[in-house]
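Student: I need the structure of the sequence given here:
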Amino acid sequence: MFKIARVTGIVGTCLALCLSSDLKSLSVVTEVSAGGASEVSYFQLETNLLYSFLPEVTRMARKFTHISALLQYINLSLTCMCEAWEEILMQMDSRLTKFVQEKNTTTSVQDEFMHLLLWGKASAELQTLLMNQLTVKGLKKLGQSIESSYSSIQKLVISHLQSGSESLLYHLSELKGMASWKQKYEPLGLDAAGIEDAITAVGSFILKANELLQVIDSSMKNFKAFFRWLYVAMLRMTEDHVLPELNKMTQKDITFVAEFLTEHFNEAPDLYNRKGKYFNVEKVGQYLKDEDDDLVSPPNTEGNQWYDFLQNSSHLKESPLLFPYYPRKSLHFVKRRMENIIDQCLQKPADVIGKSMNQAICIPLYRDARSQDSTRRLFKFPFLWNNKTSNLHYLLFTILEDSLHKMCILRRHTDISQSVSNGLTAIKFGSFTYATTEKVRRSTYSCLDAQFYDDETVTVVLKDTIGREGRDRLLVQLPLSLVYNCEDSAEYQFTGTYSTRLDEQCAAIPTRTMHFEKHWRLLESMKAQYVAGNGFRKVSCVLSSNLRHVRVFEMDIDDEWELDESSDEEEEGSNKPVKIKEEVLSESEAENQPAGAALAPEIVIKVEKLDPELDS
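Tutor: The predicted structure is shown next:
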């Protein structure tokens, strides 16, 4: 995937980031570790270049996506081609090499086979090779394997590799046309000259793919004629019956086999020093090897009038209209070269756009001394959200105060030049009223996790610090309309400074105490720790602390928020959640599992409705 922007100048590990929908700013949360603890900070970057060239950035990103997908498609096609090529195809080379090493005569392998072709008789050593090592059955199997493998590779080249390369050439040509419109795309870093180099590299890859097709077509014809002749010759050696249709061999067929033997059965001592074999009868596999070495048997360009004409013409040889040709390189080598050139030319926009981003705001949030593994860090605060309607960035995080994690909400306008009231607010959860008995549950609550459910609601998981185990976790829907109340907004203004770490000035952070009569639920028999909400799908998921139990809640059931007393009592009597999967491990069993067992856990999932809390 090609980058649109590479942001530099911000130190630390990125914990969260969010690009505003209007592309005016980018919010980033980073963590810098030092002395066994980590300091978490919030940055807001100005991205005016993206905002000013939004249509152009969109078109460029769409082209980058097409190009990235096509490169992946070509890679997958080439992988399938390598899988279609089988090691059995190398048997002919290895058997002939062994024959050269073991034979006692001075006659060459080519002469041995030519003698068999012309006179129909084989020497004792060649007959031993054919009957004991290759065998009639093995020769037939080898011929079938070559035909099947070559046909599969040929289809992959025609149907996928060529079509993918031509589509890639089309999108790069369109991108070059965009880059030529300098008024629109030069500020974004599109370089027409670099894209032209990428187009040339794709053209070279297409030429190499066509060359492979020619080699496959030629090899299939050669092997088919050669194996048919050799199969009949071996049947005669064993005095088996030869079918009349196999016995027919014209002078043209004999000439064809003779040319095949002349071209492929010459011993090559230099090849033995490089590859450990004297022959390279099978020529397709060398194109599919991912190595920098030259081809063992490159195509013969002698006598090619067009090739000679190009080599003798200095003007055409350097013409940008002709794609360069690499006759001695493999398909993999040309593909890697193409990928590197495309990657280089499409990295420039990321550098240009990244350098245009300016850091506008830096707010040190808190110092975190908790040690957490990387897996659980994925579920942890802070959490960023972009409200597309009001063009606001929201940041949810917790600050440790009096052994409790208090949830804070920081909000900034996506336009750096504009401010917003109640930019920083802390939330304290006070009491929860039961729907059936109207009893009020008061305690001290610590925020474990929170995420935005939609633009207007935050889903929170709380821990009752004095509640008994199994009844100390709560799931709460927090409406932002209660947090940002216009009537008393002046009373909840942050009086501190954003240049000092926020956890060092907790007293200056305005705190709202929230009381709930509905939109909450007690999470029984579950050590809930993490939450994820989706307002579009109307569900929230709660994950246990050991990452082994998941509960899914249907959230938007309006007719059940205002239940009467009788329905509450009925629900209390038969509160049976629908189980997607039967529970295999209880919570206590899961806690006692060894550390290694957590790598492949049994996940238990329950689906429930988020009704008002019931007293039991």
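Student: what about residue 296, how many neighbours?
Tutor: As a burial measure, residue 296 scores 20 neighbours (other CB atoms under 10 Å). In short, each C-beta sits where N, CA and C put it, glycine included.
Student: what about it, helix or strand, and which?
Tutor: In this structure, residue 296 sits in neither a helix nor a strand according to DSSP states H and E.
Student: may I have the phi/psi pair for it?
Tutor: The phi and psi values for residue 296, taken as degrees, to the nearest 10, are phi -70, psi -40.
Student: how far away is it from residue 113?
Tutor: Distance, residue 296 to residue 113, using CB to CB, to the nearest Å: 20 Å.
Student: any idea how far the host helix or strand of residue 515 is from the middle of the chain?
Tutor: Using DSSP H and E, residue 515 falls within strand 511-516. Centroid displacement of strand 511-516 relative to its chain, using CA atoms, centre = their mean, to the nearest Å, is 43 Å.
Student: how about stretch 311-318?
Tutor: Between the centre of stretch 311-318 and the centre of its host chain there is 43 Å, according to CA atoms, centre = their mean.
Student: then the helix or strand residue 451 falls within to CSV, C-alphas only?
Tutor: Taking DSSP H and E as the criterion, residue 451 maps to strand 445-454. Extracted in CSV, the C-alpha atoms of strand 445-454 (Å, rounded to 0.1, in the frame of the first residue of the first chain):
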residue,chain,number,x,y,z
TYR,A,445,-16.4,3.7,40.2
SER,A,446,-13.2,3.4,38.2
CYS,A,447,-13.4,3.6,34.4
LEU,A,448,-11.9,0.6,32.7
ASP,A,449,-12.5,1.3,29.1
ALA,A,450,-14.7,3.5,26.9
GLN,A,451,-15.4,4.0,23.2
PHE,A,452,-17.7,6.2,21.2
TYR,A,453,-20.9,4.3,20.2
ASP,A,454,-21.9,7.1,17.8
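Student: ok, it: who's next to it in the sheet?
Tutor: Using DSSP bridges, the strands paired with strand 445-454 are strand 457-464 (antiparallel).
Student: could I get the buried residue list for the partner strand?
Tutor: With burial defined by 16 or more other CB atoms under 10 Å, the residues of strand 457-464 counted as buried are 457-464.
Student: dump those residues to CSV, plus pLDDT.
Tutor: Formatted as CSV, the buried residues of strand 457-464 follow (pLDDT from 0 to 100):
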residue, pLDDT
457, 93
458, 94
459, 94
460, 93
461, 93
462, 92
463, 91
464, 89
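Student: include distance to residue 515 when you put those into TSV, please.
Tutor: TSV is the format used below for the buried residues of strand 457-464 (distance: CB to CB, whole Å):
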residue	distance to residue 515
457	17
458	16
459	18
460	14
461	18
462	13
463	18
464	15
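Student: now flag whichever of the residues you listed is closest to residue 152.
Tutor: Among the buried residues of strand 457-464, residue 459 lies closest to residue 152 (CB to CB), at 51.7 Å.
Student: partners of the closest one in the sheet?
Tutor: residue 451, residue 477.
Student: can you pull the contacts of it?
Tutor: By CB atoms under 8 Å, 6 or more residues apart in numbering, residue 459 lies in contact with 450-453, 475-478, 531, 533, 540, 555.
Student: can I get the residues you listed in a markdown table with neighbour count and distance to residue 338?
Tutor: Listed next are the contacts of residue 459 as a markdown table, based on neighbours: other CB atoms under 10 Å; distance: CB to CB, whole Å:
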| residue | neighbour count | distance to residue 338 |
| --- | --- | --- |
| 450 | 25 | 47 |
| 451 | 20 | 43 |
| 452 | 21 | 43 |
| 453 | 25 | 46 |
| 475 | 25 | 52 |
| 476 | 20 | 54 |
| 477 | 21 | 53 |
| 478 | 23 | 53 |
| 531 | 24 | 46 |
| 533 | 23 | 44 |
| 540 | 23 | 47 |
| 555 | 21 | 50 |
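Student: show the pLDDT at the residue lying closest to residue 432 once chain neighbours are set aside.
Tutor: Leaving aside its chain neighbours, residue 432 sits nearest to residue 441 (4.5 Å; criterion: CB to CB, 6 or more residues apart in numbering). At residue 441, the predicted lDDT confidence score is 76.
Student: number of residues surrounding residue 441?
Tutor: Per other CB under 10 Å, the neighbour tally for residue 441 reads 18.
Student: how about the one 4 residues further on?
Tutor: Residues near residue 445, counting by other CB under 10 Å, number 27.
Student: tell me the bridge partners for it.
Tutor: residue 464.
Student: distance of it relative to residue 428?
Tutor: Residue 445 is 8 Å from residue 428, where distance means CB to CB.
Student: partners of the next helix or strand after the strand holding residue 515 in the sheet?
Tutor: Next helix or strand after strand 511-516 toward the C-terminus (DSSP H and E): strand 520-522. The strands beside strand 520-522 in its sheet (DSSP bridges) come out as strand 473-479 (antiparallel).
Student: ok now the strand it pairs with, how far from the chain's centre?
Tutor: How far strand 473-479 lies from its chain's middle: 35 Å, per CA atoms, centre = their mean.
Student: now do stretch 549-569, average pLDDT.
Tutor: The model assigns stretch 549-569 a mean pLDDT of 58.
Student: buried sites along stretch 432-451?
Tutor: 432-436, 441, 443, 445-451.
Student: same deal with stretch 31-42?
Tutor: Across stretch 31-42, burial judged by 16+ other CB under 10 Å covers 31, 38-42.
Student: distance between it and the chain's centre?
Tutor: Relative to the chain's own centre, stretch 31-42 is displaced by 29 Å; criterion: CA atoms, centre = their mean.
Student: between the two ends of it, how far is it?
Tutor: End-to-end distance of stretch 31-42 (CA to CA, to the nearest Å): 9 Å.
Student: just to revisit the earlier point, tell me the secondary structure for the residue nearest to residue 432?
Tutor: strand (DSSP: H, G, I helix; E, B strand; the rest coil).
Student: residue contacts, it?
Tutor: 431-434.
Student: can you pull the pLDDT of residue 515?
Tutor: In this model, residue 515 carries a pLDDT of 88.
Student: swap in residue 20?
Tutor: With respect to pLDDT, residue 20 has a value of 93.
Student: start at 48, not 1
Tutor: Sure thing, new numbering starts at 48, so read that last one as residue 67.
Student: list the contacts for it?
Tutor: Neighbour list for residue 67: 73-74, 94, 433, 438, 440, 461 [criterion: CB under 8 Å, 6+ apart].
Student: quick one: it and residue 229, what's the gap?
Tutor: 28 Å.
Student: quick check, nearest of the buried residues of strand 504-511 to residue 121?
Tutor: Using CB to CB, residue 506 comes nearest to residue 121 of the buried residues of strand 504-511, at 43.1 Å.
Student: do you know how far the closest one is from residue 568?
Tutor: 11 Å.
Student: remind me which residues of the stretch 148-297 of the chain are low pLDDT?
Tutor: Applying pLDDT under 70 to the stretch 148-297 of the chain flags the ranges 148-153, 292-293.
Student: next: the stretch 548-663 of the chain.
Tutor: Counting by pLDDT under 70, the stretch 548-663 of the chain shows low-confidence ranges at 604-663.
Student: how about 50 then?
Tutor: Counting by pLDDT under 50, the stretch 548-663 of the chain shows low-confidence ranges at 606-648, 659-663.
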